[in-house]
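[1] requesting a structural model of the entry that follows:
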Amino acid sequence: MQAHERSPYLDCAQVHHESDFKYERYCTLVGNVTPAAADDISSDDAIKVAHKNQIGMVLFGLGRAGMIHLSNLLANPRVSLLYVVEMERARYDSVRARWGDRTPALVLPQDSATALADPRVDAVVVATPTFTHFEVIQQALDAGKMVFSEKPIAENAEQSRLCYETAAKLGLTVFCAFNRRFDPAFQAIQQAARRGDVGKVHTIKTVARDSPLPPIAYLKISGGIFHDCAVHDIDLICWVLGEFPRRALASASAHIAEIAAIGDHDTVAIVLEFDSGTIGTIDISRNAVYGYDQRLEVFGPKGLLTAENERPVNVRHQTSSGDTAVPFYFSFPSRYSEGYVLELEAFLDHVQGKIPLPILPEDSLRVSKIASACEESLRTGAFVTIDYAQ
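    Below you'll find the model as predicted:
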């Protein structure tokens, strides 16, 4: 007779590892995880809270980022997407052809006040070109709506600060969507670094190389490589470390004639110096032909943390000729798909009063100031000391 080992059913229930964020999300959906309560927010955070299971929302813009947000909004059970504000009818018609009766109503930009006046609307997502952000955000705040905005909040620091000040006066929120903070790999590195897993951080490095090469039409209105692209890496480094640099040095080139012709750059290197002694470096390119190259490294006396490039499938083919795999993710919609989903979840948690604002106004304003310091460094060829009090 076969002897049986001790039954695993007699042991405690198996628990998933904290790194399995997808299973964690499943547990939340089926009710095995209790979300943070509104009481967890201090009384100092006097924000308007939507005591609703479904948040009524308006999406401004159906461009590159807007289409990502559209899918996530329509798929989220906590969202009732009521309107899309878009000036190009062809884009809306394409959306309607895919989503059919689930497609929210189209509103032209000149009629957006009608959508904002709808009492069912609690919040807006701003995914229009950068030069429109300030006007759209101010309009939404004046209508009493919470705001989720693609970075940057506005074209300059003065307008950005005004948006945050207006929101604070009205008890509302402006959430600046630095989606890389919500990428699971980067979150794991941030938590490990803050725990001291590598000891005092000596160096922190990022690589961010675009794929595919962005269209010139987009680059013309992007705000330049420092404020459009480098801000992601600057924010990522500051968030991982929990501090902001005192000095910045930047070098840049334009190898692509069309980018040089519009006064922008396609290749950038940045050095950030921190009071703690940590040195940060950023390596940026607009054109990586081998895929969307996104890496993070944190080094200290106790070891090294790395987030390497990710691939659509983890399959390798090994033969006598060598070892092959599919390329890295092609571009940001696929590489940061989880980050886009999780940043929306965080915003909804905040709107429903479950968590404080995940990205503080001073974070966004300081990152913009650092990017401007990099631009100044490029002009002068020297380190620029950053005064955050100004």
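
[2] hey, let's count contacts and neighbours off CA atoms from now on
    OK.

[3] L141 and Q390: what is the separation?
    L141 is 25 Å from Q390, where distance means CA to CA, to the nearest Å.

[4] swap in H202?
    Going from H202 to Q390 by CA to CA gives 29 Å.

[5] so which of those two has more stuff around it?
    With neighbours defined as other CA atoms under 10 Å, H202 and Q390 compare such that H202 has more, 15 against 5.

[6] what about D228, neighbour count?
    16.

[7] just L360 next, same as before
    Other residues near L360 number 14, with proximity taken as other CA under 10 Å.

[8] residues touching it, list them.
    If you count contacts by CA atoms under 8 Å, 6 or more residues apart in numbering, L360 has them with F175.

[9] the same query, at a cut-off of 6 Å, please.
    For L360, no residue counts as a contact, taking CA atoms under 6 Å, 6 or more residues apart in numbering as the criterion.

[10] what pLDDT does it get?
    At L360, the predicted lDDT confidence score is 96.

[11] that one and G322: what is the separation?
    When distances are taken as CA to CA, L360 and G322 turn out to be 48 Å apart.

[12] quick check: chain neighbours aside, which residue is closest to the most centrally placed residue in the chain?
    Residue closest to the average C-alpha location in the chain (CA atoms, centre = their mean): N179, at 1.3 Å. Computed as CA to CA, 6 or more residues apart in numbering, the closest residue to N179 that is not its neighbour in sequence is G339, at 5.4 Å.

[13] could you report the pLDDT at the residue nearest to the centre of the chain?
    With respect to pLDDT, N179 scores 96.

[14] ok, the one 10 residues further on next?
    pLDDT for I189: 98.

[15] confirm it sits in a helix?
    Yes. Assessed with DSSP: H, G, I helix; E, B strand; the rest coil, I189 lies in a helix.

[16] so how far is stretch 311-330 off the chain centroid?
    28 Å (CA atoms, centre = their mean, to the nearest Å).

[17] and that stretch, end to end?
    This stretch, stretch 311-330, spans 9 Å end to end (CA to CA).

[18] which parts of it are buried?
    Across stretch 311-330, burial judged by 16 or more other CA atoms under 10 Å covers R311, F328, Y329, F330.

[19] got the phi/psi numbers for the last one?
    According to degrees, to the nearest 10, the main-chain angles of F330 amount to phi -70, psi -40.

[20] grab the nearest non-local neighbour of it.
    Spatial nearest neighbour of F330, excluding adjacent residues (CA to CA, 6+ apart): G291 at 4.8 Å.

[21] residue contacts, the one you found?
    Contacts here follow CA under 6 Å, 6+ apart; on that basis G291 touches S211, F328, Y329, F330.

[22] and A371, that one's in a helix?
    Yes. The assignment for A371, made by three-state DSSP, places it in a helix.

[23] what's near enough to touch the nearest residue to T132 once chain neighbours are set aside?
    Once flanking residues are discounted, T132 sits nearest to A154: 7.8 Å by CA to CA, 6+ apart. Neighbour list for A154: H133, F134, S160 [criterion: CA under 6 Å, 6+ apart].

[24] which secondary structure state does T324 sit in?
    strand.

[25] so what's it up against?
    When contacts are counted by CA under 6 Å, 6+ apart, T324 touches R316, H317.

[26] how close does V351 get to F148?
    Here the distance between V351 and F148 works out to 10 Å (CA to CA).

[27] please identify the helix or strand for the nearest residue to F383 once chain neighbours are set aside.
    Spatial nearest neighbour of F383, excluding adjacent residues (CA to CA, 6+ apart): L249 at 4.6 Å. Using DSSP states H and E, the secondary-structure element containing L249 is strand 247-253.

[28] list the buried residues of the strand or helix carrying R98.
    Using DSSP H and E, R98 falls within helix 89-99. Along helix 89-99, the positions that meet the burial threshold by neighbour count (16+ other CA under 10 Å) are Y92, V95, R96.

[29] the last one and P129, how far apart?
    In this structure, R96 and P129 are 22 Å apart, going by CA to CA.

[30] that older thread, among the contacts of G291, which ones are in helices?
    Secondary-structure check on those using DSSP state H: no residue lies within helices.

[31] mind listing which of the residues you listed are in strands?
    By the criterion of DSSP state E, membership of the contacts of G291 in strands covers no residue at all.

[32] among those, which pair sits farthest apart?
    For these, the farthest-apart pair by CA to CA is S211 and F328; their separation is 10.1 Å.

[33] which ones are touching P152?
    If a contact means CA under 6 Å, 6+ apart, then P152 has no contacts.

[34] can you rerun that using 10 Å?
    129-131, 133-134, 160, 176-178, 222-223, 227-228, 231, 364-365, 367-368 (CA atoms under 10 Å, 6 or more residues apart in numbering).

[35] quick one on the thing from earlier: name the residues contacting each of V351 and F148.
    When contacts are counted by CA under 10 Å, 6+ apart, the set common to V351 and F148 consists of A123, T173.

[36] rounded mean pLDDT for stretch 63-80, please.
    The predicted confidence, averaged over stretch 63-80, sits at 96.

[37] now it: buried residues?
    So, applying 16+ other CA under 10 Å, buried residues of stretch 63-80: A65, G66, M67, I68, H69, L70, N72, L73, L74, R78, V79, S80.
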